[in-house]
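K.L.:
Okay, sequence plus prediction incoming.
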Amino acid sequence: MSRISIVINGEIKTLSPGGQNILIEKIINDFAPRFTPSGKLIYVGDADEKFAHFDETSLADLGI
């Protein structure tokens, strides 16, 4: 099966196919730019790769 492509900070990453990852792709590529244009993606997890994207610095800046 083909992997699901997402773009985070200009970098292409892929998620395993199926499950909730189809929804995650739609949120990242369609919903977030439209409804949270100045938002910042901090974490995306996947069954294959728990930390597909993890911005530890931004999380620490939030005090978490």
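P.N.:
Okay, I see it.

K.L.:
which residues sit in contact with the most centrally placed residue in the chain?
P.N.:
Geometric centre of the chain, nearest residue: Val44, 4.1 Å, by CA atoms, centre = their mean. Shown in contact with Val44 (CB atoms under 8 Å, 6 or more residues apart in numbering): Ile6, Ile8, Lys13, Leu15, Ile24, Ile28, Ala52, His53, Phe54. In this view, the C-beta of every residue, glycine as well, is placed from N, C-alpha and C.

K.L.:
And the pLDDT at Met1?
P.N.:
In this model, Met1 is scored at 66, pLDDT.

K.L.:
out of the contacts of Val44, who has the most neighbours?
P.N.:
Leu15 (24 neighbours; other CB atoms under 10 Å).

K.L.:
gap between that one and Val7?
P.N.:
12 Å (CB to CB, to the nearest Å).

K.L.:
Sketch out the low-pLDDT regions of this structure for me.
P.N.:
1 (pLDDT under 70).
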